[in-house]
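1. quick one: sequence plus predicted model below, questions after.
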Amino acid sequence: MMLEVRNLGFHYPKQEKMIFSDVSFGIEKGEIISILGTNGAGKSTMLNCMANLYRPVLGDIFIEGRNMKEMRPKEIAKYIGYVPQIHNPAYAYSVLDFVVMGRTPYIGVLHTPRDEDYSVAEDALRCIGISHLIDKPYTEISGGERQMVTIARVLAQQPDVILLDEPTAHLDYGNQLRMTKLVRKLADSGYAVVLTTHMPDHVIMLQDKVGILDQQGHFTFGKTKDILSDTLLSNLYNVDLKLIYIDEAKRDTCISIME
Amino acid sequence: MGSDSAGNLSGRNISNAKYRMIFIGLVVLAVGVFFASLAIGRYNIPFFDSVLILLAQIFPIEPTWTQTMEAVIFNLRLPRTIAAVLIGGGLALSGAAYQSMFKNPLVSPDLLGVSSGACVGASLAILYSMGPVVIQILAFIGGIVAVSITVAVPRLMHNSSTLMLVLSGVIVGGLMSSIMGIIKYVADADTALAEMVYWAMGSLSNVKMVDLYYIAPCILLSGFVLVLFRYRLNVLSLGEDEAKTLGVDVRKVRGIIIVCATLLTASAVCLAGTIGWVGLVIPHLGRMIVGPDNRKLLPVAVVLGAIFMVVIDITARSLTSAELPLSIITGLIGAPFYFYLLIRQRMSIT
């Protein structure tokens, strides 16, 4: 198993109540797991645990069988890449300089990136088709472009697992769909992808696995086509929702039924 | 959102070739200013004589100058010029490091309370008539305590905004200046108080070679370590969480950088009291010239800081018949200059 989460539980310091507990699942290369849940259910918290930003209160995370708790940040960073939801840049690094920072786990503490690192970064930009941004200051590109650039940085990091925290949250409708396609492409080229999302439709489009985190911190996990249902979604969001098969798209879509 | 307006305060990125030219140009300028500082003063020494006098230390050169000139240079002007270089370079470097590490171009050793903390530590040592080594150690401890409190306040509030860090620095600065007041109040008016006040105002006129023997290695070593960490500073300037997911041992690297930057500030304080503005303004100026990349910024900030401080010191001793405290001049130049930077950078964005 590439990445395995076993009986994970978390609560913030000074809080008694567990945000989630007994979360277990695994992911192999080429797979996508979407995590659905309401606002404040703890999706991002769970992702942060997997990114080694928070230390789980209960349970363990294994990377290729090794317990993450016993690995150094640098080792973990070679396996797990993380794309945060929003990045507020303080300094106007060029896009290339920003992407090359993805090479950090491979650069010694007192060293700076070499030519090879720059070519990896350039390849990453080319791979997602944003080479034209290469010399732009990172502060002067749009939010959507910034998200793409951050994904290029994760590619330059050459991890096996890519974690994306609500990758579509700040994008317009077209960019949301392009992002969903890109996620599919990443998985097809061999990355294991875990993402959080608010959009059941995106989960359906990705056609793989889904984890559902409800308000009580219970985690339901399985293949999207097996477990995603009208009742489950309606209960999760506490509104009437229906999955309807659309012939033209050859897939289900989630719509609300409100009178 | 942490650094909302802060994004506007960054500079452009330039090519390596251009950077090299700029850096060499600045170093040449620094050397020129250095010798000018040896030559200019109430007792004027021709510029080329000041060069020859120094060179005569290494090469056998027939003296074309007087004994007095040599004495003035070696006893008075060389120590203070070296001190100015070390202080200017050190403060600029520590400012640039703090700004990157806190992902916040609005902080500086003075705004974080480090300078005033170091000042309190050093004053305590002077109060108990301790030697220079103890002064330096206490200055360092004072600086570390101050910066720790400044960093702790936003964490306690769970608010990592620019504003909170700056406010926290204001709190610590206020606290430290009150403690400073108490120390002055209890100090012996005839001896310790005078020494303290004079020193705290910031002057290089009393710097002797001996003082440099203690402090120069400290400045050079911590400065060297910071420059070694220049790329990690880039990564840290993305923010703590991102640095961590990129595999940086944030706690350890941060610790090393805080210790080095604080040592630099404390050492500068030991030499010449609190000198404001250098650590804030010079890194900005550097970013305007070579962009935010610390690989280029740190070396440029050091040289710019050195030039700035030497020029300030020349001004301090030539402007009036009595020497002006350095902080007065850095403030008079630094504050309007910072205002200019803010205006200019805002305009280039909108």
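-> Perfect, thanks for sending it.

2. residue B:80: which element?
-> Taking DSSP states H and E as the criterion, residue B:80 maps to helix B:78-101.

3. and that helix, what does it pack onto?
-> The contact analysis (3 or more CB pairs under 8 Å, 6 or more residues apart in numbering or on different chains; DSSP states H and E) places helix B:78-101 against helix B:16-39, helix B:209-228, helix B:230-236, helix B:250-272, helix B:278-290, helix B:294-318. C-beta: built from backbone N, CA, C; applies to glycine.

4. so how far is that helix off the chain centroid?
-> Between the centre of helix B:78-101 and the centre of its chain there are 3 Å (CA atoms, centre = their mean, to the nearest Å).

5. which helices and strands does the helix or strand just after it pack with?
-> Of the helices and strands lying after helix B:78-101 in sequence (DSSP H and E), the nearest is helix B:114-127. On a contact count with 3+ CB pairs under 8 Å, 6+ apart, helix B:114-127 meets helix B:132-156, helix B:162-186, helix B:192-200, helix B:250-272.

6. buried ones in the shortest one, by neighbour count?
-> Pointing back at helix B:192-200 there. Judged by neighbour count (16 or more other CB atoms under 10 Å in any protein chain shown), helix B:192-200 contains these buried residues: B:192-193, B:195-196, B:199-200.

7. pick out the most distant pair among the residues you listed.
-> Distances among the buried residues of helix B:192-200 were taken as CB to CB; the most separated pair is B:192 and B:200, at 11.8 Å.

8. worst average pLDDT in the helices and strands packed on helix B:114-127?
-> Averaging pLDDT over each of these singles out helix B:192-200 as the lowest, with a mean of 81.

9. thinking again about what came up before, so the helix holding residue B:80 versus helix B:132-156, what angle?
-> Inter-element angle recorded for helix B:78-101 and helix B:132-156: 20 degrees (by axes from the mean of the first three to the mean of the last three CA atoms, to 10 degrees).

10. and helix B:78-101 with helix B:278-290, angle?
-> Going by the same axes, to 10 degrees, helix B:78-101 makes 70 degrees with helix B:278-290.

11. quick one: buried residues of helix B:78-101?
-> Neighbour counts over helix B:78-101 (16+ other CB under 10 Å) mark B:78-101 as buried.

12. what's the answer for stretch A:115-134, then?
-> Buried residues in stretch A:115-134, defined by neighbour count with 16+ other CB under 10 Å: A:117-118, A:120-122, A:124-125, A:127, A:130, A:133-134.

13. in helices, which of the residues you listed fall?
-> By the criterion of DSSP state H, membership of the buried residues of stretch A:115-134 in helices covers A:117-118, A:120-122, A:124-125, A:127.

14. which part of the stretch 101-250 of chain B gets nearest to chain A, residue-wise?
-> Per CB to the nearest CB, residue B:247 is where the stretch 101-250 of chain B lies closest to chain A, at 2.9 Å.

15. give me every residue that touches that residue.
-> Residues touching residue B:247, when contacts are defined by CB atoms under 8 Å, 6 or more residues apart in numbering or on different chains, comprise A:73-78, A:104-105.

16. looking at the residues you listed, which has the most residues close by?
-> Going through these with other CB atoms under 10 Å in any protein chain shown as the criterion, the one with the most neighbours is residue A:104, at 27 neighbours.

17. over to the nearest residue to it once chain neighbours are set aside: give its phi and psi.
-> With CB to CB, 6 or more residues apart in numbering or on different chains as the criterion, residue A:104 has its nearest non-adjacent residue at 4.2 Å, and that residue is residue B:246. Dihedral pair for residue B:246: phi -90, psi 10, per degrees, to the nearest 10.

18. write out the residues of the stretch 151-259 of chain A neighbouring chain B.
-> Within the stretch 151-259 of chain A, the positions lying close to chain B (CB under 8 Å from any CB of the partner chain) are residue A:157.

19. any low-confidence regions in the stretch 151-259 of chain A?
-> Within the stretch 151-259 of chain A, the segments meeting pLDDT under 70 span A:259.

20. residue of it closest to chain B, please.
-> Using CB to the nearest CB, residue A:157 is the residue of the stretch 151-259 of chain A that sits closest to chain B, at 7.1 Å.

21. number of residues surrounding that residue?
-> With neighbours defined by other CB under 10 Å, the count for residue A:157 comes to 27.

22. mind listing what the nearest residue to it once chain neighbours are set aside touches?
-> Once flanking residues are discounted, residue A:157 sits nearest to residue A:102: 4.0 Å by CB to CB, 6+ apart. Each residue near residue A:102 by CB under 8 Å, 6+ apart is listed here: A:81, A:121, A:124, A:152-157, B:246.

23. what does residue A:207 give?
-> Shown here is residue A:207, whose contacts under the criterion CB under 8 Å, 6+ apart are A:184, A:224-225, A:251.

24. can I get the buried part of those residues as one ChimeraX selection?
-> Selecting in ChimeraX just the buried members of those, where the criterion is 16+ other CB under 10 Å, is done with this command:
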select /A:184,224
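
25. mind listing which of the contacts of residue A:207 are in helices?
-> Per DSSP H, helices hold the following members of these: A:184, A:224-225.

26. now residue B:274: which helix or strand?
-> Using DSSP H and E, residue B:274 sits within no helix or strand.

27. returning to that earlier point: check the residue of the stretch 101-250 of chain B closest to chain A and give its pLDDT.
-> According to the model, residue B:247 scores 95 on pLDDT.

28. for the closest residue to it other than its chain neighbours, give its distance to residue B:246.
-> Taking CB to CB, 6+ apart, and ignoring the residues beside it in sequence, residue B:247 has residue A:77 as its nearest neighbour in space, at 2.9 Å. As for residue A:77, its distance to residue B:246 is 6 Å (criterion: CB to CB, to the nearest Å).

29. give me the common contacts of the two.
-> When contacts are counted by CB under 8 Å, 6+ apart, the set common to residue A:77 and residue B:246 consists of A:104-105, A:157.

30. if I read this right, residue B:22 contacts residue B:286, doesn't it?
-> No - under the criterion of CB atoms under 8 Å, residue B:22 makes no contact with residue B:286, lying 10.0 Å away.
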